[in-house]
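Engineer: Structure, please.
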Amino acid sequence: MPKFKFQLKALFITALIMFLFPFCKGESDSDPSIDLTYQDITFPYTAASNTVFVETNMDWTATVSENWCTLSVTSGGKGNTGLKILATANTTALVRRATITITAGSLTKQISVKQQPSDYIGFTQNKFDIATAGADFSVGITSTSANYSYSIKADWITLKSTSDDKTSQVFTVAENNSILSRTGFIAYQAGSYKDTVIVTQAGKNAYIAPDETGMSSSAKMLASKMYAGWNIGNTLEATGGETAWGNPMITQTLIDSVKAAGFNAIRIPCAWDSHLDDQTTYKINGSWLARVKEVVEYCTKANMYAILNIHWDGGWLENNPTYAKQEVVNKKQKALWIQIAGYFRDVDEHLLFAGTNEVHADYNAPSTENITVQQSFNQTFIDAVRSTGGRNYYRNLVVQSYNTNIDYAVSYLQLPTDVVSNRMMVEVHYYDPWDFCGEESGSAKYFWGRPYSSLGISSWGQEDYVDQQFGKMKTNFVNKGYPVILGEYAPTRRSSLTGTTLTNHLASRAYYLQYITAQAKNNGMVPFYWDNGGTGNNASGIFNRSTCTTFDRQALDGIKTGAANGTYPF
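Structural biologist: Residues are numbered from 1 along each chain as shown. Model (predicted):
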């Protein structure tokens, strides 16, 4: 055959093949597909089997991950094939799981296999949400043993009935009279196998309509009514109980004595975490709430103002301004303040709430994380109190700067949003200079201020520094409508000194108290002296709390003189 005819024939055949190729393409080269009748199988603890139909468009293979589970075939062709799955008896007390993998070309699908243990109990439903009013609910039970046991882990859940064949039980949930939701458990056991039914019940609606009765004062108006303040330190905030840190129980006589000495406002540091009935719901013990209310009423009966807070309280809030702790701390903060606010809702404007105390990760400048989280604690506090309504809707509330530091307040504090205007105050503390106010080592300074400069004072923190720092609070907060609570200030008393050194130290200390108190008021800051109840060396007690008499007249006179000399700018 001539060469050109041969080439022409070859080209013709090639073109014909290319033309016909799409129509002659074999199914084995199509996209793979796998269809399964089941992809989840549960076996009882006994030996058992089940069949899954595998439909594919090409050859397939099957593998299984556990040797207690076997397959009738491990491969097949295109079409529909029955794959029998067999499980040996489970003689353990554990659930067994296996995975079967079907592969066809590049495609895989899996079948999950679970086998119950030899001792087994299960439920048709294991979580129940019950309304506040209470209700009955039924638990459907599947068990390998009719002699399973159960235990109710909540005193508000009771068994009502059990079916004759023990395949169901009916329980009754009592009404929830708390404003907090609550969670209970019913623990079941069959042999060594255990499982739990969870019951959650909603709390009562904490909110009532706003009530402005007895709540007419704005933040500035109320601050102007507080002449001078005093802390019941180291008492209700003592973890372990009111007297755990050495102070006697608070009495009406003590509060009346404080009032007679010239104070008309009391700050009540308070612990709550060590008085919880339930660390899951954060329910506060009723007797503790009643005791705190008794102390608040000592103040209001004396026509004094009171600030109630969450103090150190073991550090759960104070020491944790971190993203890792933010959610759990805010959850607890919300639960506690809803209860506290609800319990004290009927008290008029003589009672203020303060949400935190000295929140800090350390004593260095805060990070963005520290500030963000600390201020979320402030917002949670505001929202929780307002959510209870009534007089709390209008109550004056106090929020703190990071570590109650003045410079951190000026640099970082962003005030929370509030549903009501002009009902918020800011709180800072003042212990500067620390070598005079708190240092107990050899570097301590025993004197402060210009009149005592020749005796050896700190190189910083004198009168001009006080003026500067307090002036910052006036410019940044008071002038913008937010009066300030100077929640703590006190120079420690070094009563172990002797002779003229002691005489000059006590005089210098009284001068400090006079100056701080006056300048606080002049700059719109309500002064609250920190009294820890101690009357020995390195303490700050003004009153003998056992006799309810004045112990440190010189310090008291310094505060009274300062309070009389100072004038609020509002």
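Engineer: From here on, just use CA atoms for contacts and neighbour counts.
Structural biologist: Fine.
Engineer: ranges for the helices of the stretch 451-570 of the chain?
Structural biologist: Listed in chain order, the helices of the stretch 451-570 of the chain (DSSP state H, counting those that start in this stretch) span 463-476, 499-522, 553-565.
Engineer: so who does Thr500 touch?
Structural biologist: Shown in contact with Thr500 (CA atoms under 8 Å, 6 or more residues apart in numbering): no residues.
Engineer: so what's it scoring on pLDDT?
Structural biologist: Note on Thr500: pLDDT of 98.
Engineer: Next: Ala223.
Structural biologist: Here the pLDDT value assigned to Ala223 is 98.
Engineer: Now it: phi and psi?
Structural biologist: The main-chain torsion angles of Ala223 are listed as degrees, to the nearest 10 and equal phi -60, psi -40.
Engineer: That one: neighbour count?
Structural biologist: For Ala223, the neighbour count with other CA atoms under 10 Å is 23.
Engineer: Spell out the residue ranges of the strands in the stretch 51-200 of the chain.
Structural biologist: Using DSSP state E, counting those that start in this stretch, the strands assigned to the stretch 51-200 of the chain run over residues 60-64, 69-71, 75-76, 79-87, 96-104, 107-115, 121-123, 127-130, 135-143, 149-152, 157-162, 168-173, 182-190, 193-201.
Engineer: Any idea which of those gets closest to Arg395?
Structural biologist: Judged by CA to CA, the one of the strands of the stretch 51-200 of the chain that comes nearest to Arg395 is strand 182-190, at 27.9 Å.
Engineer: Tell me who's in contact with the residue most central in space within the chain.
Structural biologist: Using CA atoms, centre = their mean, the residue of the chain that lies closest to the mean C-alpha position is Val329, 2.0 Å off. Under the criterion of CA under 8 Å, 6+ apart, the contact partners of Val329 comprise Trp316, Leu317, Asn320, Phe377.
Engineer: now with 7 Å?
Structural biologist: When contacts are counted by CA atoms under 7 Å, 6 or more residues apart in numbering, Val329 is found next to Leu317.
Engineer: distance between the ends of stretch 41-50?
Structural biologist: Stretch 41-50 stretches 8 Å from its first residue to its last (CA to CA, to the nearest Å).
Engineer: now stretch 198-208
Structural biologist: The first residue of stretch 198-208 is 30 Å away from its last residue (CA to CA).
Engineer: Any buried residues in it, and which?
Structural biologist: Judged by neighbour count using 16 or more other CA atoms under 10 Å, the buried positions of stretch 198-208 are Ile198, Val199, Thr200, Gln201, Ala202, Gly203, Lys204, Ala206, Tyr207.
Engineer: In a markdown table, list those along with distance to Gly184.
Structural biologist: As requested, these are arranged in a markdown table below (distance: CA to CA, whole Å):
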| residue | distance to Gly184 |
| --- | --- |
| Ile198 | 6 |
| Val199 | 5 |
| Thr200 | 6 |
| Gln201 | 8 |
| Ala202 | 12 |
| Gly203 | 13 |
| Lys204 | 17 |
| Ala206 | 21 |
| Tyr207 | 24 |
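Engineer: Format the residues you listed as a markdown table; extra columns: distance to Ile186 and pLDDT.
Structural biologist: Converted to a markdown table, the buried residues of stretch 198-208 look like this (distance: CA to CA, whole Å; pLDDT from 0 to 100):
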| residue | distance to Ile186 | pLDDT |
| --- | --- | --- |
| Ile198 | 7 | 97 |
| Val199 | 8 | 97 |
| Thr200 | 11 | 95 |
| Gln201 | 14 | 92 |
| Ala202 | 18 | 89 |
| Gly203 | 20 | 89 |
| Lys204 | 23 | 86 |
| Ala206 | 28 | 86 |
| Tyr207 | 31 | 92 |
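Engineer: All the strands of the stretch 251-400 of the chain, in order from the start?
Structural biologist: Taking DSSP E, counting those that start in this stretch to define them, one finds strands in the stretch 251-400 of the chain at 265-268, 276-278, 283-284, 305-309, 351-354, 397-400.
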